[in-house]
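Student: quick one: sequence and predicted model below, then my questions.
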Amino acid sequence: MTAPRGPVTASGGRSVGRTLIRGAGEVLITLGVVVLLFVVYEVYITDLFGERKQAQATVAVDRVWADAEATATVVAQAPDQLATDPRERVPRYDTVTGEGFAKIRIPVLGADYVFTVVEGTDPDDLYIGPGHYPETQLPGEQGNFAVAGHRVSKGSPFNDLGLLHSCDAIVVETQDDWFVYRVLPMAEEEATWASTPRARCGGVGVQAGAYAGVYGREITLPSDYAQVLPVPTVLSTTVPPDAQRLITLTTCHPQFSDAERMIIHGVLVTSYAKAPGFLPPELAET
């Protein structure tokens, strides 16, 4: 017959407790390492993959544009004749989901800030770069040219949108044109906009009528899809005859979270027909 065991001593109980605590600590450390590795992958490694995908998209769109230019009839124009009325511009290109068709530049974010815009906003599309909402208008058209982009990870093209101010230029290049949009007034500027001189703000004003309440930057819920409609906040996909020509950029907010959306609205102020050797003067703004 097995002899009965004696009572557990105090030192034995402490030993068991230390073992449990040590084991729990090791589990927590392991979990912490796993979380850290995931953060590094999501924030940094996917950025590298995104930059590679973006570079490939840029090479592809440059090739398409070069081929189009080689077969086009070039008409010499003086620089002061390059400004064009966007109402007279008809896109001569098609968009294909996941492929680039335009480039976006924001001069105040640096001379090297340029991203190829692809068609589509599915995860695979946005891994390549900023993506055009397919149901919205094309650059320069009446209505709303709306583009989504990641703020953190996968190339992070829209990470610095929060640095934009009213009247900052957003320049969109297509196969045939340059379109210059400027950020609309912010809500806090509305009351003093008319009485305060502002540089580079020609063609930019506080919105009224159907556009009242549309500002240069807004923070909304992810479900606020109305921001990318032809007239933001007006629940209609029809482009009114008197519709403005807007650009809308959307990204997650705050940084490292998708709880909300940051919206940037801009209005078209001028456009230029592309010509060999010509760059819009707005690209030199800082």
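Tutor: Sure, I can see it. Numbers count the residues shown, from 1 in each chain.
Student: give the burial count for Glu188, as a bare number.
Tutor: Using other Cβ atoms under 10 Å, Glu188 has 10 neighbouring residues. For glycine as for every other residue, the C-beta is placed from the backbone atoms N, C-alpha and C.
Student: which SS class is it?
Tutor: Using DSSP: H, G, I helix; E, B strand; the rest coil, the structure places Glu188 in helix.
Student: for it, give its distance to Val61.
Tutor: 38 Å (Cβ to Cβ, to the nearest Å).
Student: likewise Cys201?
Tutor: Counting by Cβ to Cβ, the gap from Cys201 to Val61 is 31 Å.
Student: bridged to Thr251, which residues?
Tutor: On the basis of DSSP bridges, Thr251 is bridged to Met262.
Student: surely it meets Leu164?
Tutor: No. Using Cβ atoms under 8 Å, Thr251 is not in contact with Leu164, being 11.4 Å away.
Student: which of these two has more neighbours?
Tutor: Thr251 (24 against 21).
Student: identify the residues contacting that one.
Tutor: Ala148, Gly149, His150, Arg151, Phe158, Asn159, Leu161, Arg261, Met262 (Cβ atoms under 8 Å, 6 or more residues apart in numbering).
Student: dump these into TSV; add distance to Gln227 as well.
Tutor: Formatted as TSV, the contacts of Thr251 follow (distance: Cβ to Cβ, whole Å):
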residue	distance to Gln227
Ala148	11
Gly149	14
His150	17
Arg151	16
Phe158	14
Asn159	19
Leu161	14
Arg261	8
Met262	10
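Student: in those residues, find the pair that's most separated.
Tutor: Asn159 and Arg261 (14.3 Å; Cβ to Cβ).
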